[in-house]
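Colleague: A structural model of the following input is requested.
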Amino acid sequence: MDTRQLETLLAISQRGGFAAAAQAVNLTASAVSQQIAALEAEIGTQLFDRTRRPPALTTKGAEMVRAAQSILQIVSDTKASVAGEQMRGTVALGSLRTGANSLVPQALATLSASFPHLNFRLRVGVSEELMSEVVSGQLDAAVVADHVAVPSSLRWTPVLTEPLIVLTPPGTGTLSIDDLIRDMPYIRYRTQVPLARQIDTEIARLGAAPRQIVSVNTMPAIVGCVRAGLGFAIIPQIALHDAESASLDWFPFGAPPIHRRLGLVQRVASRRAEVLAALVAALIQQGLSGDVHD
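Modeller: Prediction:
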């Protein structure tokens, strides 16, 4: 197996066929077919279904394309490092919604100063989906919550510990959580993510059932409902990422206060280890500075 075969495989995947790939890699169509046949013989599996026109990637072929992307990126990064060049390319990152509002963008701003020739692609999603994409190689790393099981092929590094808070409409005054449950409607965060399950569990432990007025599946919408005076809510402090939201009344949820952790998950053997180490440092620094709540 050599890098030319892998480059040809990627070209076929990206261009949609052998003939178009041949033009991209400056080879004849026959030479492209020979390279792929040699690669299939070496790894012992068929990469393309040749009964279809044009030939289509098999399941193993798609897996090989992802592996080829990683291998070629490692080769490129190694050459650049040995030659003393700046690292280039695209780093694909994921983040859960609350992290994408402020924490991750601010960390990327710090990172871009150290790696000016890198581009970043950020995908926002739920923790389980993002971890699956890190495993498959679609993402280099992702910021996820700690209430999910991390596969053995991944490494999770904590970057932020934050309290859950009780958010109340302006002018509510000093009320306990028991008072709020008794006297004020509750705005529930309802979605299939670990944070929502954590909040529901902690509410249940209080032994009281708040009167739910509305259920919402995004944090900005919950904050908006509280700001409009619909009721109180329980959210992570990071959700107060703008000055208008930070002006609302709030107090820590639980005694002692209940926290959640966010962390960066990446593959144990990552081709972007240097960049991701710098990203972890930047995320931790943002959390310590408190800027994510400004």
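Colleague: Residue 250 reaches residue 169, doesn't it?
Modeller: No - contact criterion Cβ atoms under 8 Å: residue 250 and residue 169 do not qualify, at 10.6 Å. Every C-beta, even on glycine, is put in place using the N, C-alpha and C of the backbone.
Colleague: In terms of secondary structure, what does the longest strand seen in the chain contact?
Modeller: Longest strand in the chain, counting residues (DSSP state E): strand 154-168. Applying 3 or more Cβ pairs under 8 Å, 6 or more residues apart in numbering; DSSP states H and E, one finds that strand 154-168 contacts helix 127-136, helix 177-183, helix 194-205, helix 219-227, strand 232-236, strand 249-252, strand 259-267, helix 273-289.
Colleague: Quick check: residue 16 vs residue 285, distance?
Modeller: According to Cβ to Cβ, to the nearest Å, residue 16 stands 44 Å off from residue 285.
Colleague: ignore the last one, residue 138
Modeller: For residue 138, the distance to residue 285 - Cβ to Cβ - is 27 Å.
Colleague: Check residue 179 too.
Modeller: Counting by Cβ to Cβ, the gap from residue 179 to residue 285 is 38 Å.
Colleague: for the stretch 101-250 of the chain, what are the low-confidence residue spans?
Modeller: Within the stretch 101-250 of the chain, the stretches with pLDDT under 70 are 147-148, 241-246.
Colleague: who does the spatially most central residue of the chain bridge with?
Modeller: The residue lying closest to the centre of the chain (Cα atoms, centre = their mean) is residue 94, at 2.0 Å. When bridges are called by DSSP bridges, residue 94 pairs up with residue 123, residue 142.
Colleague: dump the residue contacts of it.
Modeller: 122-125, 130, 133-134, 139, 141-144 (Cβ atoms under 8 Å, 6 or more residues apart in numbering).
Colleague: Could you report the pLDDT at it?
Modeller: Predicted confidence (pLDDT) for residue 94: 95.
Colleague: Measure how far the lengthiest helix in the chain is from the centre of its chain, please.
Modeller: Looking across the chain with DSSP state H, the single longest helix is helix 59-82. Here helix 59-82 is found 21 Å from its chain centre; the criterion is Cα atoms, centre = their mean, to the nearest Å.
Colleague: cool, stretch 118-138 as well?
Modeller: Here the centre of stretch 118-138 is set off from its chain's centre by 4 Å, with Cα atoms, centre = their mean.
Colleague: what's the span of it, first residue to last?
Modeller: 17 Å (Cα to Cα, to the nearest Å).
Colleague: do stretch 168-182 as well
Modeller: For stretch 168-182, the separation between the terminal residues is 14 Å (Cα to Cα).
Colleague: Pull the distance from it to the chain's centre.
Modeller: Relative to its chain's centre, stretch 168-182 lies at 34 Å (Cα atoms, centre = their mean).
Colleague: in it, what's buried?
Modeller: Judged by neighbour count (16 or more other Cβ atoms under 10 Å), stretch 168-182 contains these buried residues: 168-169, 172, 175, 177, 180-181.
Colleague: now, which of those sits nearest residue 263?
Modeller: For the buried residues of stretch 168-182, the residue nearest residue 263 by Cβ to Cβ is residue 177; the value is 27.7 Å.
Colleague: quick one, what contacts the closest one?
Modeller: Contacts of residue 177 (Cβ under 8 Å, 6+ apart): 166, 206, 253.
Colleague: cool, and residue 20?
Modeller: residue 11.
Colleague: Over to the one 5 residues further on?
Modeller: Contacts for residue 25 (Cβ under 8 Å, 6+ apart) come out as 4, 7-8, 11, 32.
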